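[1] please find the sequence and the predicted model below.
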Amino acid sequence: MENNTSIILIGFMGSGKTTIGQELANLMNREFIDLDKEIERKYNLKTTEIFEKYGESVFRQEEKRMVIHFVEQKNKVISLGGGAFLQNEVRDACLENGIVIYLEIGWEAWLQRLDELTSDRPLLQGKSIVEIKQLFDSRQEIYERNHIRIKTDHQTVTETAIQIKKETEEIALQ
């Protein structure tokens, strides 16, 4: 991998992809792309409103188009939405063109963030804790396809960003 290969952050919603991604981009002097924000900007609507007005399939199509566009670029830190990696084409494009970092968060650590997540995550709307746990568990296998796994439960945002920078630089040297 080249030293300027884009870094792609994956993981369950609320795992810290945006916050860590911004810190990492600053640390590595790269442009930060939050894919959900890019889609919201295009539609001039919040993600929950896009889901309500156009449906999840329209959102996923736009997500796929944008991912493929951005992952082919260099020197980016790209934060994917929690469900983006479920799409085969998205997963393949990311693994082929970038360094995929799985930000792994444990269920207990994630539960502590639930209150701040519910309002702007369409897939959490009206779901019981049992249904959310099933969604959480079902996505773990998808995230297993990555270049680097980082456990975030007991690290600060800065510690995590520094670890990613170090590990991606090691990959680039190989």
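    Noted; the coordinates are in hand.
[2] show me where this structure dips below the pLDDT cut-off.
    For the chain, the stretches with pLDDT under 70 are 1-2, 115-125, 172-174.
[3] which residues of it fall in strands?
    7-10, 31-34, 76-79, 99-104, 148-151 (DSSP state E).
[4] residues contacting the third one, please?
    So that's strand 76-79. Identification of contacts with strand 76-79 by CB atoms under 8 Å, 6 or more residues apart in numbering yields 6-9, 17-18, 21, 24-25, 28, 30-36, 67, 70-71, 98. Using the backbone N, CA and C atoms, a C-beta is placed for each residue, glycine as well.
[5] and of the strands of the chain, who's closest to I171?
    Counting by CB to CB, I171 lies closest to strand 99-104 out of the strands of the chain; the figure is 6.0 Å.
[6] could you say what helices and strands the closest one packs with?
    On a contact count with 3 or more CB pairs under 8 Å, 6 or more residues apart in numbering; DSSP states H and E, strand 99-104 meets strand 7-10, strand 148-151, helix 157-173.
[7] just name the most buried of these.
    Mean neighbours per residue, mean count of other CB atoms under 10 Å, is largest over those for strand 7-10, with a mean of 28.
[8] return the list of strands paired to it, each annotated with direction.
    Sheet pairing of strand 7-10 (DSSP bridges) gives strand 76-79 (parallel), strand 99-104 (parallel).
[9] put the alpha carbons of the shortest one into PDB.
    The C-alpha atoms that make up strand 76-79 are tabulated as PDB, following Å, rounded to 0.1, in the frame of the first residue of the first chain:
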ATOM      1  CA  LYS A  76      -8.400  11.000   2.600                       C
ATOM      2  CA  VAL A  77      -9.800   9.800   5.900                       C
ATOM      3  CA  ILE A  78     -13.300   8.500   5.100                       C
ATOM      4  CA  SER A  79     -15.900   7.700   7.700                       C
END
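[10] quick one: buried residues of it?
    K76, V77, I78, S79 (16 or more other CB atoms under 10 Å).
[11] no more questions from me, cheers.
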